[in-house]
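# prediction below, plus the sequence it came from.
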Amino acid sequence: MPVIEIKELTKTYNETVVPVHALNGVNLSFEKGEFTAIVGPSGCGKTTLLNMMGGLDHPSSGQVIIAQEDITKMDTSHLVDFRLRNIGFIFQSYNLIPVLTVRENIQFIMELQGRSKKEIDERVHYLLDAMGLSDKINVRPKYLSGGQQQRVAVARAMASKPKFILADEPTANLDSKSTETLLNLMANLNEKEEVTFIFSTHDQRVMDKAKRIVTLEDGKVMNDSNSGVLHETA
Amino acid sequence: MKQLSKLAWRNLWRNRRRTLITLASVLMAVILAIAIRSFQKGVYGNMISNAVSFSTGYIQVHTKGYWNDQTINNSFEAGRQVQQALNNTPDISLSVPRLESFALASSGQHTKGVEVMGIDPAKEQEMNGLGKKIVRGKYISNSDGQGILVGDGLAKYLHLSLGDTLVLLGQGYHGTTAAGQYRIAGIFHYPLDQLNNMLVYLSLPDARSLMAAPNRLTSFSLMLKNPDDIDKVTTSLQHTLDSTWEVLQWPVMNKTLMQEIEGDNAGGIIMLGILYIVVAFGVFGTILMMTMERKKEFAVMIAIGMHRIKLITVVILETIFIGLLGILSGAVLVFPVVLYLHIHPLALTGAAAETYQQFGIEPLLPTSVDPRIFLSQGITVLCIALISALYPLWYINKFKLAETLKQ
């Protein structure tokens, strides 16, 4: 059973003025443990697709089914709880909470989930070990390098034990060494915890690591390496 | 809540200088607001205290109709019913019997209209410390042949000194002629010129004899253990006494003073309003900036699973922290000054003092240390801070997640 199933998804901006079709009848599904890169030129709809999968924006039509629930039908409050339980996010510019330490940033989401202190402590230490950041546990983000901050962001996304993680251009601000380290760590977690990773990226190094590549163009799926064929568009 | 409080507190210090500037504006406003209110309330308290203790008391009990027609004919017999009612009201600290009338005072070639007040000297002393106001001669006791006490203004006008004789001529009870001559036993000086120029005191027996009104009184002036209980005591006495009595509070009997206080109070409130507006804009600016510069951070928090209501709570907590810090530090700084000026009131001199005295007010500017002033100003400033955070809160509730994340 797929972790995410997307059916006939469309998103049109400025519907009443000059309509811009960001997504145009996208059909996709993602299985557990996938390590997928969504690629395509700027403005092809990558970020819009990720926003729809993450329940951060509402589509014009179509369905996004996660764990047998169509999230496009959920109200805002229900969506927040759904994201908290099921989805991890990694952003291009890290977006850690600057007034919290590394530990607090990671445990923040687990506290929102209402987990026990013991469970939180164990998970924080496990993730920081995995990310090689145990010595930075009480440091605030501004004292970390970009690569370190993005590793903390990955740990934060993993902390809630989500069904899948959406990463929007996670390596765009990183140098090649940090990118390599980050990709290896994510690939490792993907193997170990069987978490589904879905990236939007322009970065060839990410594409090289990806097990599956979905190519978008003008809001349509032009290619999906899973099927090996060029998709027909609606 | 602990998590949200921690976030709010740390957010406050992200831009230390801006927060300190906002705190300083709240602090200054609180200091000024408390100082203004404390001076106003202190001066009003002094005015009321003067008026109450030197003339009416907090409450007066008369025969019905006396206040509108203050003649000796509207006096009452000091019977058991009223005395019992007063004794059985525990909130009354002192009931002072008086027999008041007007007469023409004459000495040699000089005459002047005066208010003759028949008093129980011991009780009067307890009420307003009259005995301590005697500047020449001695105080009187509650028996006949005691002589008369006159204000120094009146003594000067009538060219009287101790031992001289003052003639009083007026109307007694039921149209009798009230006439008598009295030896000047003492000359008193009140801080209020109005009283010094027109008031004379006789012992109750002497006054009753003058006015041919044996065992009669025109009023009981009541002092209260707690002036805030004035309504409670009034209601209680109105229930206890029958309809032939009137129970009046000092604001009814001293409307001029009440109007003066209300007029001045309105001016003070306008001043405070201006201060509050300054505080509101200061806090509004800070909270708005703190919100706008964190738009993306807020969007990320909502994206990862934080409800907007929790973010709103964080911003409310930030506002409360700013407000409380400013209020508490302002109150702590201003309290010693207010306390000092309460114990050592500023004394007015020169023309300002004369103006006060003409209005029958002691020329002093005491402050009030009533905790309600601090509390009310604190709550008002906090409410203003919270109101000024409404727009940022509205923004948090409405901003579009995907658009904000894209920025």
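Noted; the coordinates are in hand.
# quick check: residue B:29 vs chain A, distance?
27 Å (C-beta to the nearest C-beta, to the nearest Å). Glycine gets a C-beta too; all of them are placed from N, C-alpha and C.
# that residue: helix or strand, and which one exactly?
Using DSSP states H and E, the element containing residue B:29 is helix B:16-51.
# next, count neighbours for residue 123.
Because you didn't say which chain, this covers chain A. 19 (other C-beta atoms under 10 Å in any protein chain shown).
# chain B is the one I meant
Around residue B:123 there are 19 residues (other C-beta under 10 Å).
# got a list of what it touches?
B:94, B:95, B:96, B:97 (C-beta atoms under 8 Å, 6 or more residues apart in numbering or on different chains).
# quickly find the element holding the second one.
When secondary structure is defined by DSSP H and E, residue B:95 falls within strand B:92-107.
# tell me the helices and strands packed up against the next helix or strand after that strand.
Downstream of strand B:92-107, the next assigned helix or strand under DSSP H and E is strand B:110-119. Packing contacts for strand B:110-119, counted by 3 or more C-beta pairs under 8 Å, 6 or more residues apart in numbering or on different chains; DSSP states H and E, involve strand B:92-107, helix B:152-157, strand B:165-171, helix B:193-198, strand B:199-203, helix B:204-210.
# tell me the mean pLDDT over strand B:110-119?
For strand B:110-119, the mean per-residue pLDDT is 93.
# cool, and stretch A:10-17?
82.
# before we move on, the earlier item: now the helix holding residue B:29: buried residues?
For helix B:16-51, burial by neighbour count (16 or more other C-beta atoms under 10 Å in any protein chain shown) applies to B:19, B:22-23, B:25-48, B:50-51.
# thinking again about what came up before, in TSV: the contacts of residue B:123, plus pLDDT.
Listed next are the contacts of residue B:123 as TSV, based on pLDDT from 0 to 100:
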residue	pLDDT
B:94	91
B:95	91
B:96	93
B:97	93
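# and the two most separated of these?
Across those, the longest distance by C-beta to C-beta is 10.7 Å; it joins B:94 and B:97.
# who has more neighbours, these two?
Taking other C-beta under 10 Å, residue B:94 and residue B:97 do not tie; residue B:97 has more neighbours (22 against 17).
# count of neighbours near the closest residue in space to residue A:9 that isn't next to it in sequence?
The shortest distance from residue A:9 to any non-neighbouring residue, by C-beta to C-beta, 6 or more residues apart in numbering or on different chains, is to residue A:62 (3.5 Å). Residue A:62 is flanked by 18 other residues according to other C-beta under 10 Å.
# is it true that residue A:62 lies in a strand?
Yes - checked against DSSP: H, G, I helix; E, B strand; the rest coil, residue A:62 lies within a strand.
# dump the residue contacts of it.
A:6, A:7, A:8, A:9, A:10, A:23, A:25, A:26, A:72.
# 10 Å instead, please
A:6-11, A:23, A:25-27, A:52, A:70, A:72 (C-beta atoms under 10 Å, 6 or more residues apart in numbering or on different chains).
# give me the pLDDT for residue A:201.
88.
# the residue lying closest to residue B:135 once chain neighbours are set aside - how many residues pack around it?
Using C-beta to C-beta, 6+ apart and skipping residues adjacent in sequence, the residue nearest residue B:135 is residue B:189, 4.7 Å away. Neighbour count of residue B:189, defined by other C-beta under 10 Å: 16.
# contacts only, for residue B:189.
So residue B:189 contacts B:133, B:134, B:135, B:136, B:151, B:152, B:153, B:155, B:195, B:196 (C-beta under 10 Å, 6+ apart).
# how about chain A: which residue is closest to chain B?
residue A:84 (2.7 Å; C-beta to the nearest C-beta).
# checking my notes, that residue in a strand, right?
No - assignment of residue A:84 by three-state DSSP gives helix, placing it outside any strand.
# what's the nearest residue to it if we skip its chain neighbours?
residue B:305 (2.7 Å).
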